[in-house]
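K.L.:
just need the structure, nothing else, for what follows:
(chains A and B)
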Amino acid sequence: MRLLAAEVLKIRTAPRTLLGLLLAELAIVAIGTASTIDSALNSTAPPGFESTALRNLDRDLIGVVGSSLLFALILGVLVITWEYRHGTITQTFLGTPVRDRVIGAKVLVSALAGAALVVPALILMLVIAEIWVGDRLHFGGHELELIGRTFLAAAIVAVLGLEIGASTARQLGAILVAFAWAAFAEPALSIWHVLRPYLPVHAIDSVLGSSDSADSFGRGLGTAVVYMAALGLLAVFLTRRRDIT
Amino acid sequence: MIEVEHLTKRFRKTTAVEDLSFKIREGAITGFLGPNGAGKTTTLRIILGLVRPTSGRATVKGSAYRRLKDPLRQVGSVLEASSFHPGRSGRDHLRVVASSAGLETSRVDDVLALVQLTADGGRRVGGYSLGMQQRLSLAAALLGDPGVLVLDEPANGLDPQGIHWLRDLLRSLAAEGRTILISSHVLPEIEQIADEVVIVHRGKLIEQASTAELAARITGGIRVRSPQADRLRSLLEEADVEVTSTEGDLIMVGDGSAERIGEIAAANGIVLHELAVEKATLEEAFLELTGHETTR
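P.N.:
Residues are numbered from 1 along each chain as shown, chains lettered A, B, ... in the order given. Okay, the predicted model is just below:
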């Protein structure tokens, strides 16, 4: 418990980094929400019918909240790499020389912090949508499930970010690795359809369930858990062996 | 208390520490000296479990650091002054350290007062001077009220008043029975506070001795002044005592004991105005042992 409390304290007492991340997230969500609503309102449909964009507005707005996953990933990376960057990892390992325990505490805190990042994004999206198209929102059980999945996906992505950060021990390196994978490596590998269900971004997409190409929630979650476990083992192995010079 | 046994550490092709062994006595202040690149910092980090040795081992109170229960209650350390999140306040930095190590956060204000940072505790560490960061490092080291302190260049960045303050602090901590291992390039400071010294060079042990023993062993010669210097010089040379120089009434003797010189003078009725062993400073001893390379 004390390690968890210490990790939470580390995040709370570095408010500028957290604030910067939060502001960037809110800006993206605000732009995304406005753009989604605007394009739905301006979409055309035959007389007497509702356009597809308007019909899917609830789902698409929740999809905009999914952009907070990007910031959950960065937060996960930062939770460990800012310790290496500022040298505070020395003090952390002096206080807790069994490094596996440090990684374990950071995994839990990253998951919680990553999921927590969804909250402001969700609130902002709801406020904008309520003001603009409140009469057209019909949030029911399915939408609530999608919101729940977004929280879960954000927690998973934050943990993956932490594990990549712990493995590389470099802030920029970890973020570049994650983005290079998502932007280039996975799309390239997705050419082989047989591989696609086992790739991490696809698995996260399936957990989110907000796109038509996603697999079942269970399969996506299972694949994501395997990635978390494998990257977690790598992170522990490399962290144990790393010399703090 | 602290024991290093056949320690070797290689970083790829570079051997930082090679078959190094020494023991640090409980309750003593031990200076850890060596030129740049001698392996001091690597050795201290191995002792603290931050660097994995290639072979050999280092223990504190009989255990590897990582096996110590509540390590910050047993060992406090200062390794580098810049290990802080610049956006965190000094007080928050100590709160984080205390929280992660299970120490009472009530100690935070005590140690801030001890290192004279109470007024600046709420300021962001990014705005601290190097000397203030060094004081904050010391505060973190003292949070757990440990019996052992491992300090790597703790005087770095301190002004003369700060160095004086540090000396007094270390003396008072040692007087409470703590074991202190301190690496420093300010040799006169080490000479003033250390009971023993461990000198390393190119990763190997060159010397471990008490400060007094080392200074006595490496003397600067014996200084003799007499109005009958010429006659005394002849008598000393007849007795196979090596006279290195004579200038007026002053004779410098390179080897031999002051007692013997006194006896020769007395036996021959020679008046002596001065008979003194010129002690080498720690710096002179260090330079002689390490071949005049600079320290870090």
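
K.L.:
list the contacts for residue 223?
P.N.:
Answering for chain A, as no chain was given. A:197, A:198, A:200, A:202, A:203, A:206 (C-beta atoms under 8 Å, 6 or more residues apart in numbering or on different chains). Bear in mind the C-beta positions are built from the backbone N, C-alpha and C, glycine included.

K.L.:
please refer instead to chain B.
P.N.:
B:250, B:251, B:252, B:253, B:274, B:275, B:276, B:277, B:278.

K.L.:
so which elements touch the helix or strand hosting residue A:81?
P.N.:
Secondary structure assignment for residue A:81, by DSSP states H and E: helix A:68-86. The criterion is 3 or more C-beta pairs under 8 Å, 6 or more residues apart in numbering or on different chains; DSSP states H and E, and the helices and strands that helix A:68-86 contacts are helix A:2-12, helix A:15-41, helix A:88-95, helix A:99-116, helix A:118-133, helix A:141-168, helix A:171-180.

K.L.:
okay if I get these as TSV plus mean pLDDT, mean neighbour count and distance to chain B?
P.N.:
Listed next are the helices and strands packed on helix A:68-86 as TSV, based on pLDDT from 0 to 100; neighbours: other C-beta atoms under 10 Å in any protein chain shown; distance: least, C-beta to the nearest C-beta, whole Å:
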stretch	mean pLDDT	mean neighbour count	distance to chain B
helix A:2-12	91	19	4
helix A:15-41	93	16	5
helix A:88-95	94	23	4
helix A:99-116	96	21	8
helix A:118-133	94	17	20
helix A:141-168	95	23	15
helix A:171-180	94	17	13
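
K.L.:
which stretch among those helices comes nearest residue B:130?
P.N.:
Residue B:130 lies closest to helix A:88-95 among these, at 16.9 Å (C-beta to C-beta).

K.L.:
what sits against residue B:126?
P.N.:
B:84, B:86, B:87.

K.L.:
let's see that with 10 Å instead.
P.N.:
A:16, A:86, B:84, B:85, B:86, B:87, B:88, B:89, B:133 (C-beta atoms under 10 Å, 6 or more residues apart in numbering or on different chains).

K.L.:
which one of those is nearest to residue A:103?
P.N.:
Closest to residue A:103, out of all of the contacts of residue B:126 and judged by C-beta to C-beta, is residue A:86, at 18.0 Å.

K.L.:
wait, residue A:91 touches residue B:140, no?
P.N.:
Yes - applying C-beta atoms under 10 Å as the test, residue A:91 and residue B:140 come out as touching, 6.5 Å apart.

K.L.:
give me the common contacts of those two.
P.N.:
Joint contacts of residue A:91 and residue B:140 (C-beta under 10 Å, 6+ apart) are B:72, B:77, B:83, B:84, B:93, B:96, B:97, B:101.

K.L.:
just the ones of the residues you listed in helices?
P.N.:
Within the shared contacts of residue A:91 and residue B:140, residues falling in helices by DSSP state H are B:72, B:93, B:96, B:97, B:101.

K.L.:
ok, these vs residue A:57, which is closest?
P.N.:
Taking C-beta to C-beta as the measure, residue A:57 sits nearest to residue B:96 out of those, at 44.4 Å.

K.L.:
one step back: could you pull up the mean pLDDT of the helix holding residue A:81?
P.N.:
Across helix A:68-86, pLDDT averages out at 95.

K.L.:
so who does the closest residue to chain A within the stretch 101-250 of chain B touch?
P.N.:
Residue nearest to chain A within the stretch 101-250 of chain B: residue B:101 (3.9 Å; C-beta to the nearest C-beta). By C-beta under 10 Å, 6+ apart, the contact list for residue B:101 reads A:2-3, A:6, A:91-92, A:94-96, B:70-73, B:140, B:143-144.

K.L.:
hmm, try it at 6 Å
P.N.:
A:95, B:72 (C-beta atoms under 6 Å, 6 or more residues apart in numbering or on different chains).

K.L.:
next one: residue B:282
P.N.:
With contact taken as C-beta under 6 Å, 6+ apart, residue B:282 is in contact with B:187, B:191.

K.L.:
returning to that earlier point: show only the entries of the contacts of residue B:126 found in strands.
P.N.:
Among those, none falls in strands (DSSP state E).

K.L.:
going through the residues you listed, which ones are buried?
P.N.:
Neighbour counting by 16 or more other C-beta atoms under 10 Å in any protein chain shown classes A:86, B:84, B:85, B:87, B:88, B:89, B:133 among the contacts of residue B:126 as buried.

K.L.:
tally of neighbours for residue B:172?
P.N.:
11 (other C-beta atoms under 10 Å in any protein chain shown).

K.L.:
model confidence over the helix or strand hosting it, on average?
P.N.:
Assigned by DSSP H and E, residue B:172 belongs to helix B:160-175. The pLDDT scores in helix B:160-175 average 90.

K.L.:
for it, buried residues please.
P.N.:
Those would be B:162, B:163, B:165, B:166, B:167, B:169, B:170, B:173, B:174, for helix B:160-175 by 16+ other C-beta under 10 Å.

K.L.:
off-centre distance for that helix?
P.N.:
13 Å (C-alpha atoms, centre = their mean, to the nearest Å).

K.L.:
and the contacts of the helix or strand following it?
P.N.:
Counting by DSSP H and E, the next helix or strand C-terminal to helix B:160-175 is strand B:179-183. Strand B:179-183 is contacted by residues B:1, B:24, B:26-27, B:29-32, B:40, B:148-153, B:174 when judged by C-beta under 6 Å, 6+ apart.

K.L.:
please flag which of those residues sit within strands.
P.N.:
Reading strands off the contacts of strand B:179-183 with DSSP E, I get B:24, B:29, B:30, B:31, B:32, B:148, B:149, B:150, B:151, B:152.

K.L.:
residue nearest the centroid of the chain?
P.N.:
I went with chain A, as the question did not name one. The centre of chain A sits closest to residue A:69, judged by C-alpha atoms, centre = their mean, with a distance of 2.5 Å.

K.L.:
oops, wrong one, chain B.
P.N.:
Closest-to-mean residue, chain B, C-alpha atoms, centre = their mean: residue B:31 / 2.0 Å.

K.L.:
and that residue, how far from residue B:172?
P.N.:
Distance of residue B:31 to residue B:172, given as C-beta to C-beta, to the nearest Å: 18 Å.
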